[in-house]
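S.K.: mind looking at a prediction? Sequence and model below.
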Amino acid sequence: MIQGKAIKYGNNVDTDVIIPARYLNTSDPKELAAHCMEDLDKTFKDRVQEGDILVAGKNFGCGSSREHAPIAIKASGIGCIIAETFARIFYRNAINIGLPIMECPEAARDIEDGDRVSVDVSSGIIRNLTKNKVYQAEPFPPFMQEIMKADGLINYVKERMGSK
Amino acid sequence: MGMTMTQKILADHAGLNSVSAGQLIMARLDLVMGNDVTTPVAVREFEKIKAGRVFDKSKVAIVPDHFTPNKDIKSAEQCRCIREFARTFEIENYFEIGQMGIEHALIPEKGLVVPGDVVIGADSHTCTYGALGAFSTGVGSTDMAAAMATGEAWFKVPEAIKFILKGKLNEWVSGKDVILHIIGMIGVDGALYQSMEFTGDGLAGLSMDDRFTIANMAIEAGAKNGIFEVDEKTLEYEREHSTREYKVYKADEDAEYSRVIEIDLSIIKPTVAFPHLPENTRTIDEVGDIPIDQVVIGSCTNGRMEDLRAAAKVLKGRKVHPRVRTIIFPATQQIYLQALREGLLEIFIEAGAAVSTPTCGPCLGGHMGILARGERAVATTNRNFVGRMGHPESEVYLASPAVAAASAVTGKISSPKEVVG
């Protein structure tokens, strides 16, 4: 169970604002986290606490395929991202590196910045503790759940290659 | 039920007779690619797998093109990491400075993609190779790492939007205007999780360079891939660039599409995308008076021969406006050389433009043309997000090479017709 306060943004949050390219000369998660969201919200890195939930509108993570974006978000302490929709490369990357994400338009629209939110990734149940509301996200297909259970694609591949 | 072009290619590569939209499959890959920003992360993940070898040394391509020639010490370290990886694992398609170009211009030029291939690249604009009738899509570094070990990747089979192109482009209108027009119409998430399939009589009038530009920006509509029906032009390109065997896939007559959109090429005007989304498009006659500080002509979207020729046609015998810094970067060494031989570089330099070695540099705000606070650029690149080319309070306007060159001359966003007459 992941629990924290919601930090909310709008539609089409692109990976250039999540982690600007001027910081892509490193892939160190801590260095990336120090600049996470910098061009969109300078207060993010001071506000964010371990387990917080990022909430956004449509097409979250659009643009560049840089895995540095989900790496920066994960390293900054975000426990889960809830959005109306995700851009597809970001969606893959998040699953592949073991950063929980949920597509749930109802929750994404209803949750406000600062609300206390809890998320159960396996059941897809999202609770808004501030508003006392419950939302149900589409559960992941079994194949993706297997990747997540292995804590990312690399472990999943290692297990498969080992068993061959 | 019939399949789309993409579905047929994916089915074949998954060893299945048929697939349908939404199905999760594991597909065999013909090429796995990465650059100097994404490959270091892939190398770190690849080492964790302890595979000891890549699945096929001839099917991995690594192109240091983003922060190269190395812009700082950290970038130099990243390049060293991938260079050593390429040497250790005897990667056949590693392209060092001097041979390298912008990956999405270089890979087709080197004949590494043919019709019917399945390609992934750790770069979002990998969708460019759909111009060749291949399934090609961008992924992240972890996908690249896993694919280098296994030669496979998982995909959710996409549904498709079919674009039926009709008519012919007018003078000064190019592939860039077509794709900006389409993104303006369907939005930056208009093709989310889907393929964009391009077909119709209008295809015959589109050059390969136009098609590369259109497929390149499919990601800017959220698409998984953009793919063009293969015709005589595609095959001619392949004969010139590759000796590999190819397979031509055609969509079934009864393939199902989520949408079918007819595009009349003859009514498209030069189009500009305003900050800060590629969907904020206006035709050139609706632009108004927008003074600019910089023009960038090049990138994986518009750094090919026809792009440079269009820019040269506008700049020939003219001077760029004294307050506009104009930077032109041919996308590959081959294109650079060809532009030199055709006299285009001379036209650019005489006009007062700077000509750069191939690099992705300015497009993503890396180096070689960063904008200061409040500055405005017209660029033939693909993204105009907040801070994309530099300061978060700078602005990027996306346009074709002809419009960018015309704007360089007048100092404000302008139509090439106005400048050339």
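M.R.: Okay, I see it. Numbering: from 1, shown residues only, chains lettered A, B, ... in the order given.
S.K.: and the helices in chain A?
M.R.: A:15-18, A:29-33, A:44-47, A:68-75, A:88-97, A:105-110, A:142-149, A:153-163 (DSSP state H).
S.K.: okay if I get these as TSV plus mean pLDDT?
M.R.: Compiled in TSV, these are given as follows (pLDDT from 0 to 100):
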stretch	mean pLDDT
helix A:15-18	98
helix A:29-33	97
helix A:44-47	96
helix A:68-75	98
helix A:88-97	96
helix A:105-110	98
helix A:142-149	86
helix A:153-163	87
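S.K.: so who does B:Ile97 touch?
M.R.: The contact partners of B:Ile97, by C-beta atoms under 8 Å, 6 or more residues apart in numbering or on different chains, come to B:64, B:68-69. Heads up, the C-betas are built off the backbone N, CA and C, glycines and all.
S.K.: out of those residues, who's the most crowded?
M.R.: B:Pro64 (27 neighbours; other C-beta atoms under 10 Å in any protein chain shown).
S.K.: okay but that one is in contact with B:Glu96, surely?
M.R.: Yes. Counting by C-beta atoms under 8 Å, B:Pro64 touches B:Glu96, with 7.4 Å between them.
S.K.: what touches both of the two?
M.R.: B:Arg83.
S.K.: I'd like the helices of chain A as TSV, with distance to chain B appended.
M.R.: Output for these, formatted as TSV (distance: least, C-beta to the nearest C-beta, whole Å):
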stretch	distance to chain B
helix A:15-18	5
helix A:29-33	10
helix A:44-47	14
helix A:68-75	7
helix A:88-97	4
helix A:105-110	13
helix A:142-149	5
helix A:153-163	5
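S.K.: B:Phe228 is nearest to which of those?
M.R.: helix A:88-97 (20.2 Å; C-beta to C-beta).
S.K.: just the angle between the closest one and helix A:153-163, please?
M.R.: Here the directions of helix A:88-97 and helix A:153-163 differ by 60 degrees (axes from the mean of the first three to the mean of the last three C-alpha atoms, to 10 degrees).
S.K.: could you dump the helices of chain A into JSON lines and include mean neighbour count?
M.R.: Shown next, in JSON lines, are the helices of chain A (neighbours: other C-beta atoms under 10 Å in any protein chain shown):
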{"stretch": "helix A:15-18", "mean neighbour count": "26"}
{"stretch": "helix A:29-33", "mean neighbour count": "17"}
{"stretch": "helix A:44-47", "mean neighbour count": "14"}
{"stretch": "helix A:68-75", "mean neighbour count": "26"}
{"stretch": "helix A:88-97", "mean neighbour count": "26"}
{"stretch": "helix A:105-110", "mean neighbour count": "18"}
{"stretch": "helix A:142-149", "mean neighbour count": "15"}
{"stretch": "helix A:153-163", "mean neighbour count": "17"}
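S.K.: mind putting these in CSV, distance to B:Gly387 included?
M.R.: Below are those laid out as CSV (distance: least, C-beta to C-beta, whole Å):
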stretch, distance to B:Gly387
helix A:15-18, 6
helix A:29-33, 16
helix A:44-47, 14
helix A:68-75, 14
helix A:88-97, 18
helix A:105-110, 24
helix A:142-149, 32
helix A:153-163, 30
